[in-house]
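Q: Any chance you could fold what I've pasted below:
(2 chains)
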Protein chains: 2
Amino acid sequence: MQDILNILKIGGKLLADEDQLLEMLRVFTAMEGHKILVHGGGNRANELIKELGIEPKMINGRRITDAATLEIVTMVYAGLINKGLVARLQAMQCPAIGLSGADGNTILAHKRIVKDIDYGFAGDIDAVGVDTFKHLVSGGLVPVCCAITHDGKGQLLNTNADTIASRLAVALAPHYRVHLQYSFERPGVLKDPSNDNSVISRLDRASYLQYKADGIITDGMIPKLDNAFAGLDAGVSEIVIGNPAAMAAGKATVIS
Amino acid sequence: MQDILNILKIGGKLLADEDQLLEMLRVFTAMEGHKILVHGGGNRANELIKELGIEPKMINGRRITDAATLEIVTMVYAGLINKGLVARLQAMQCPAIGLSGADGNTILAHKRIVKDIDYGFAGDIDAVGVDTFKHLVSGGLVPVCCAITHDGKGQLLNTNADTIASRLAVALAPHYRVHLQYSFERPGVLKDPSNDNSVISRLDRASYLQYKADGIITDGMIPKLDNAFAGLDAGVSEIVIGNPAAMAAGKATVIS
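A: Residues are numbered from 1 along each chain as shown, chains lettered A, B, ... in the order given. Here you go, the predicted structure:
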């Protein structure tokens, strides 16, 4: 029987709400088995970019990472947010250790190839440092991964945190029973976006296709769920989507 | 026979000179045995403080760390500088892993007690996470420590990097043959501050006291050297002070 490894992704809106964030960190700390936290950036990077008089550049919802922006996201994601999360977790007796993808070569990426759009210093993942993660968790440590990766040649890169969580889950699935959990502000995948009591408790591929065909699951949920089902295909044992309260109560959406 | 553990402190002026810095990182990468790098902050934090319209506050050469300044030094030390060093070391095949004192609870501190001066979020070290360091280096990893610590209750703190290097050396001395190396822009402790060819090759306590009495060693070197001799008393095997070229050539000052 393999050990359980929980991988929890915390999204941007949760990071901005201290009460929800602390609740999520308490739920995370209480999870049994090995653990990895993956976090996005929240809004602080955009604020700092504005304070420094740089204009944030976005195309199709993706940040264009020029050199000045890379410097700022490295400071905010790997410095401010990552160390703030680690310090809060340590205060909860959770033995957190913060990582960028450069640390221990945990996430190796390459600068995104320019086709139509030059995303700048955006990184697409090539490899996960499975041995480093195994060594850290075997010592009882809890990796806390930010959305900064590196190319192995000295260049840091900006990488989507949802993708990092999913790639970690897939890479570690041969070694652990991986439970992947995407936390966001909603209690789960909803039948009615205006009603938080309409959580779909269990979503399999057939019902997902039906909900999509019926126009019930739309927009932003589709890439998340496509990612989730791809994770299941690649050996991830369980995938859950919801907010801290729903996760703690076992009422978030289980993808199966 | 205990394993060798090299602890190298890189000072602010070296961080600002890319050629010297890369030479120092190459020398560090080539060192045999286990390794830990400790780095100061350099000037980027002060620049960013100014760009954001905050006035840097210093008293007696020490930074006064208010909440806004703590946020910035956390971003610059733990984010920008730490991850930049880790990425450069990884490119040299040195398996670096960046840490603040919160990460793995590696350096626990308390907020400096206010006597005459309130230094704000400045941390005085209480404990070193020896087991975490031992676990990391046993896995072939190379910790890269920045000058941010934590109080175990969720608060990050700003701590002098020279002191971190010295406290790590003392705490790890029972477990390894610790070689502590302070790198700075000069080739070593000089008999004549205006002449880089006047390096004192070996400095013992008797000759140190004589040099001090003769007014040859003065000012900024005295706290560094007092720290160094205290380290020797506490079981550190060897202490070297100098620049990368002098260290590589074995021509830096050896404290014994």
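Q: Tell me which stretches of chain A form strands.
A: A:4-10, A:34-39, A:58-59, A:62-63, A:96-99, A:107-111, A:123-128, A:142-145, A:148-150, A:156-158, A:177-183, A:202-203, A:238-242, A:253-255 (DSSP state E).
Q: how far does the third one sit from the chain's center?
A: Put plainly, it is strand A:58-59. 20 Å (Cα atoms, centre = their mean, to the nearest Å).
Q: Let's have the strands of chain A in a markdown table, adding distance to chain B and mean neighbour count.
A: C-betas here are computed from N, CA, C, even on glycine. Listed next are those as a markdown table, based on distance: least, Cβ to the nearest Cβ, whole Å; neighbours: other Cβ atoms under 10 Å in any protein chain shown:
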| stretch | distance to chain B | mean neighbour count |
| --- | --- | --- |
| strand A:4-10 | 16 | 23 |
| strand A:34-39 | 13 | 26 |
| strand A:58-59 | 22 | 10 |
| strand A:62-63 | 17 | 18 |
| strand A:96-99 | 4 | 30 |
| strand A:107-111 | 9 | 22 |
| strand A:123-128 | 12 | 18 |
| strand A:142-145 | 8 | 25 |
| strand A:148-150 | 5 | 29 |
| strand A:156-158 | 5 | 27 |
| strand A:177-183 | 20 | 24 |
| strand A:202-203 | 36 | 16 |
| strand A:238-242 | 25 | 23 |
| strand A:253-255 | 31 | 22 |
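Q: okay, those in TSV with mean pLDDT next?
A: Formatted as TSV, the strands of chain A follow (pLDDT from 0 to 100):
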stretch	mean pLDDT
strand A:4-10	97
strand A:34-39	98
strand A:58-59	80
strand A:62-63	71
strand A:96-99	98
strand A:107-111	98
strand A:123-128	97
strand A:142-145	98
strand A:148-150	98
strand A:156-158	97
strand A:177-183	95
strand A:202-203	96
strand A:238-242	94
strand A:253-255	96
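Q: Save those strands as JSON lines, and put in distance to B:Val189 too.
A: Formatted as JSON lines, the strands of chain A follow (distance: least, Cβ to Cβ, whole Å):
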{"stretch": "strand A:4-10", "distance to B:Val189": "49"}
{"stretch": "strand A:34-39", "distance to B:Val189": "45"}
{"stretch": "strand A:58-59", "distance to B:Val189": "53"}
{"stretch": "strand A:62-63", "distance to B:Val189": "48"}
{"stretch": "strand A:96-99", "distance to B:Val189": "36"}
{"stretch": "strand A:107-111", "distance to B:Val189": "42"}
{"stretch": "strand A:123-128", "distance to B:Val189": "44"}
{"stretch": "strand A:142-145", "distance to B:Val189": "41"}
{"stretch": "strand A:148-150", "distance to B:Val189": "37"}
{"stretch": "strand A:156-158", "distance to B:Val189": "36"}
{"stretch": "strand A:177-183", "distance to B:Val189": "54"}
{"stretch": "strand A:202-203", "distance to B:Val189": "68"}
{"stretch": "strand A:238-242", "distance to B:Val189": "60"}
{"stretch": "strand A:253-255", "distance to B:Val189": "63"}
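Q: Which among those strands is found nearest to B:Val38?
A: strand A:96-99 (17.0 Å; Cβ to Cβ).
Q: what does the closest one contact?
A: A:37, A:78, A:82-83, A:85-86, A:89-90, A:106, A:136, A:141-146, B:78, B:97-100, B:102-104, B:132 (Cβ atoms under 8 Å, 6 or more residues apart in numbering or on different chains).
Q: Please name the strands paired to it in the sheet, noting orientation.
A: Looking at strand A:96-99 with DSSP bridges, its partner strands are strand A:142-145 (parallel).
Q: Now the strand it pairs with - C-alpha only, CSV.
A: Presented in CSV, the C-alpha positions along strand A:142-145 are these (Å, rounded to 0.1, in the frame of the first residue of the first chain):
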residue,chain,number,x,y,z
VAL,A,142,5.9,19.8,3.7
PRO,A,143,6.9,21.5,0.4
VAL,A,144,5.1,24.8,-0.4
CYS,A,145,5.5,25.5,-4.1
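Q: List the contacts of that strand.
A: A:34-39, A:82, A:85-86, A:89, A:94-101, A:106-107, A:133, A:136-137, A:164, A:168.
Q: now do 6 Å
A: With contact meaning Cβ atoms under 6 Å, 6 or more residues apart in numbering or on different chains, strand A:142-145 is reached by A:35-38, A:85-86, A:94-99, A:136.
Q: can you put the residues you listed in CSV and add distance to B:Ala67?
A: Converted to CSV, the contacts of strand A:142-145 look like this (distance: Cβ to Cβ, whole Å):
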residue, distance to B:Ala67
A:Lys35, 30
A:Ile36, 30
A:Leu37, 25
A:Val38, 27
A:Leu85, 18
A:Val86, 18
A:Cys94, 24
A:Pro95, 26
A:Ala96, 22
A:Ile97, 25
A:Gly98, 20
A:Leu99, 26
A:Leu136, 31
